[in-house]
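Trainee: could you look at this predicted model? Sequence included:
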Amino acid sequence: MSLLDHRIRTGAGLRGAFCVLLFAGGSFAQKVVQSFEGDKGPGLAVCESGVTHCDRPEMNLGVNGKQIVQVTWQHVNVYDYSGKLLRSTSMDTMVRNAGLNPVHIVARDPHPKTPPGAYEPSIVFNEFIDRWIISVTGENDSMLVSATSDALGAWGGIYPSCLENGPCLNFDPAVHIGYDRNGVYFCGGHMGDDNPHTIPKVAYDCFAIPTAEVRAIAQRKPPAHINRAHNMPLDIFPAVDHTKTKAPTAPALFLSKTCDRVTPGACQNAMNYPFHWLVTSFTWNGTGGSYAEQELKTDVGSTQDKWQYSKPCCAPLGSVPQAGNDKIVLRVAESHRLTNLVQHGSHLQGVETSGPCTKDCGSQGTDTTNVMFWVDLDCSKPGACVVSQTAKISGPDFNPEFASVGIDAAGNVGIVAVSSTATTNLSILLWTRKASDPPNTFTGPVTVAAGTKPFTCLNTRDMATIGNAVGVQTALDPDGRRLWVTQQWGNDAERCVWTTRIVGYQIADSNNDAKKKR
């Protein structure tokens, strides 16, 4: 039986149940250990009132071994590991309770019907300080930190960019967050700045905050050191690195891609562009440090170009079809960037989604649907990273978007993405590779949650926006074996009622599992 024949079809009634999928013909076992419904959209009436980004979930999650916390622009939901909802708090209330203002003053609509609230959140659980950290856009870029490891307790917050006389990042900063043993890294968009490798007149600022100064944010005490850098590449993403033995002087790593500087909005809109990887490092020296940047070609060994970025398919809006509604397409153009970044030892891994190359594609080959480029960068020499492995993941039966990569403690890799086509509604798919697999290869996809309904919302342009432009984090469970992610899927046909699912999966050797059971 082929891998595509193996499907997990999980419905809303699965909450709290365990799902196990075994692949025949070998010792490899792949398990979806938990899958349950997350937050749901508020419906058309609320979205027509002017609530910011109401038409998409902007979902993310973190885990700490006891609690799973899902954030959307709408709520902060705390679950236990059985999928029981312990508490749901509106995101605006969460930001206010942390001492910050959720109202986004600089709105693109100069006359919104209601004040724009907080949007584009992300969350991580930092095991080095036993604290939850939320990044979200409010009045300015906002960082919220929990007072303890219990997400149900108190939180405090700061505006990182407003420290040291700013300037505050308050125009759609699209904040990305990462951490390692030495610090927390926070990057947000800065209009007017410029990086020579990405589009003109917009770049990112990045902040490196010492780990020892992050806990006090819960008491609303600003850190003394933020190590701000301007003119960073657009869409730069800091890594999450769980290495417990990381040296104090080992650099934190960030990743982004180059963009054509001629085509308007080229980081999203370019076609057949032979992009390069941009690796940025921050090396600590006490509570300060320095940033450095390097540019890498995309083939193994970084000696030549291999991949070509194209705007997500199809049509000018960058939208894909869905089975349940042949008039309303799903806009996926915001999936033109990395959605997360993970580090395992000295290796850095990310997944870049792209539209298909249809001609003059070289060794990349031609496609008719969207594709993913996976990269494993060997940064054992931090100033001279090199592509160690890379792969194009594509197929005629899926359109992968908003891909999120995870690595377990053994070095096994999972990629979870959403997809819809003319014959499928928005579904959640999973690809995996064991650390022992042949280089540059993946297995899959497996359908984790098959969409049952089309998604429609504010469709004056015959499209509905999905996903999360600031990324989709994959969280590593403290047990080192399970990986957790949340994604949007099609499970409600009512307009603007987006649905999300929370999924925990495991990549393991079944023989070892069997020994543990005995």
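Mentor: Looks like it arrived, so ask away.

Trainee: got a pLDDT number for the residue nearest to C379 when sequence neighbours are not counted?
Mentor: Nearest non-adjacent residue to C379, counting by C-beta to C-beta, 6 or more residues apart in numbering: C385, 4.2 Å away. Any C-beta I mention is one placed from the backbone N, CA and C, and that applies to glycine too. We have a pLDDT of 98 for C385.

Trainee: what sits against C385?
Mentor: 279, 294, 296, 302, 348, 377-379 (C-beta atoms under 8 Å, 6 or more residues apart in numbering).

Trainee: most surrounded residue in the residues you listed?
Mentor: Neighbour counts for the contacts of C385, by other C-beta atoms under 10 Å, peak at V279, which reaches 25 neighbours.

Trainee: what's downstream of the one helix or strand that one maps to, the next helix or strand?
Mentor: Using DSSP states H and E, V279 falls within strand 277-285. With elements assigned by DSSP H and E, the helix or strand that comes after strand 277-285 is strand 288-296.

Trainee: and after that next one, which helix or strand comes next?
Mentor: Next element after strand 288-296 (DSSP H and E): strand 319-320.

Trainee: give the buried residues for stretch 142-160.
Mentor: 142-146, 149, 151, 155-160 (16 or more other C-beta atoms under 10 Å).

Trainee: run a quick neighbour tally on G451.
Mentor: Neighbour tally, G451, other C-beta under 10 Å: 23.

Trainee: now it: how far from G324?
Mentor: 8 Å (C-beta to C-beta, to the nearest Å).

Trainee: circling back: against which helices or strands is the strand holding V279 packed?
Mentor: strand 183-191, strand 202-210, strand 252-257, strand 288-296, strand 371-378 (3 or more C-beta pairs under 8 Å, 6 or more residues apart in numbering; DSSP states H and E).

Trainee: could you pull out the helices for the protein?
Mentor: 44-48, 91-97, 266-269, 510-517 (DSSP state H).

Trainee: before we move on, the earlier item: shared neighbours of G451 and G324, anything?
Mentor: 425, 490.

Trainee: nearest spatial neighbour of V375, chain-adjacent residues omitted?
Mentor: T390 (4.9 Å).

Trainee: that neighbour contacts W374, correct?
Mentor: Yes. With contact defined as C-beta atoms under 8 Å, T390 reaches W374; the gap is 6.3 Å.

Trainee: so what's N140 up against?
Mentor: N140 touches 159, 161-162, 168-170, 173, counting by C-beta under 8 Å, 6+ apart.

Trainee: P167 too?
Mentor: 161, 190.

Trainee: top of the contacts of N140 by neighbour count?
Mentor: Counting neighbours by other C-beta under 10 Å, L169 comes out on top of the contacts of N140 with 27 neighbours.

Trainee: I'd say that one and S161 touch.
Mentor: Yes. Between L169 and S161 there is a contact at 4.1 Å, judged by C-beta under 8 Å.

Trainee: who touches both of those two?
Mentor: Common contact partners of L169 and S161 (C-beta under 8 Å, 6+ apart): 140-141, 188, 205.

Trainee: can you put the helices and strands packed on strand 277-285 in TSV and add distance to D130?
Mentor: Shown next, in TSV, are the helices and strands packed on strand 277-285 (distance: least, C-beta to C-beta, whole Å):
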stretch	distance to D130
strand 183-191	13
strand 202-210	16
strand 252-257	20
strand 288-296	24
strand 371-378	29
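
Trainee: most packed of the ones you listed?
Mentor: The highest average neighbour count among the helices and strands packed on strand 277-285, using mean count of other C-beta atoms under 10 Å, belongs to strand 252-257 at a mean of 28.

Trainee: what's across from the closest residue to I134 other than its chain neighbours in the sheet?
Mentor: Using C-beta to C-beta, 6+ apart and skipping the chain neighbours, the partner closest in space to I134 is L144 (4.1 Å). Beta-bridge pairing for L144 (DSSP bridges): I134, G157.

Trainee: if we can go back for a sec, what's the closest of the buried residues of stretch 142-160 to I328?
Mentor: S142 (32.9 Å; C-beta to C-beta).

Trainee: hmm, G157 and that closest one touching each other?
Mentor: Yes. With contact defined as C-beta under 8 Å, S142 counts as touching G157 (5.7 Å).

Trainee: for the contacts of C385, which one is nearest L426?
Mentor: L348 (29.5 Å).

Trainee: tell me the pLDDT at that closest one?
Mentor: At L348, the model reports a pLDDT of 98.

Trainee: now do the buried residues in stretch 460-476.
Mentor: Across stretch 460-476, burial judged by 16+ other C-beta under 10 Å covers 463-476.

Trainee: now swap in stretch 402-409 and tell me
Mentor: 402-408.

Trainee: how about stretch 324-332?
Mentor: 324-325, 328-332.

Trainee: CSV for those, including distance to R96 and pLDDT?
Mentor: Output for the buried residues of stretch 324-332, formatted as CSV (distance: C-beta to C-beta, whole Å; pLDDT from 0 to 100):
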residue, distance to R96, pLDDT
G324, 38, 94
N325, 37, 95
I328, 35, 95
V329, 37, 96
L330, 33, 97
R331, 31, 95
V332, 33, 96
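
Trainee: and the residues you listed, which of them are in strands?
Mentor: In strands, defined here by DSSP state E, the members of these are 329-331.

Trainee: nearest to T287 among those?
Mentor: R331 (42.9 Å).

Trainee: that closest one pairs with what?
Mentor: S319, T465.

Trainee: re earlier: what's the farthest-apart pair in the shared contacts of L169 and S161?
Mentor: Using C-beta to C-beta, the two most remote members of these are N140 and D205, lying 11.8 Å apart.

Trainee: ok, now which ones touch T339?
Mentor: For T339, the contacting residues are 237, 351, 353, 402-404, 468, 471-472, by C-beta under 8 Å, 6+ apart.

Trainee: try it again at 6 Å.
Mentor: Applying C-beta atoms under 6 Å, 6 or more residues apart in numbering to T339 gives the contacts 402, 404, 471-472.

Trainee: among those residues, which one sits closest to F442?
Mentor: Nearest to F442 among these, with distances taken as C-beta to C-beta, is S404, at 14.1 Å.

Trainee: pLDDT weak spots in the stretch 101-250 of the chain?
Mentor: 106-115 (pLDDT under 70).

Trainee: in strands, which of the contacts of T339 appear?
Mentor: 402, 404.

Trainee: so what secondary structure elements neighbour the longest strand seen in the chain?
Mentor: For the chain, the strand reaching the highest residue count under DSSP E is reported as strand 28-40. Helices and strands in packing contact with strand 28-40 are listed as strand 21-22, strand 499-509; criterion 3 or more C-beta pairs under 6 Å, 6 or more residues apart in numbering; DSSP states H and E.

Trainee: any idea which of those strands gets closest to E213?
Mentor: E213 sits nearest to strand 499-509 of all the helices and strands packed on strand 28-40, at 31.4 Å, using C-beta to C-beta.

Trainee: which other helices and strands contact the closest one?
Mentor: Using 3+ C-beta pairs under 6 Å, 6+ apart: strand 499-509 touches strand 28-40, strand 482-489.

Trainee: again, 8 Å this time
Mentor: On the basis of 3+ C-beta pairs under 8 Å, 6+ apart, strand 499-509 makes packing contacts with strand 28-40, strand 67-71, strand 413-421, strand 424-433, strand 443-451, strand 482-489.

Trainee: output those strands as TSV; include the columns distance to T500.
Mentor: Listed next are the helices and strands packed on strand 499-509 as TSV, based on distance: least, C-beta to C-beta, whole Å:
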stretch	distance to T500
strand 28-40	4
strand 67-71	7
strand 413-421	11
strand 424-433	10
strand 443-451	10
strand 482-489	5
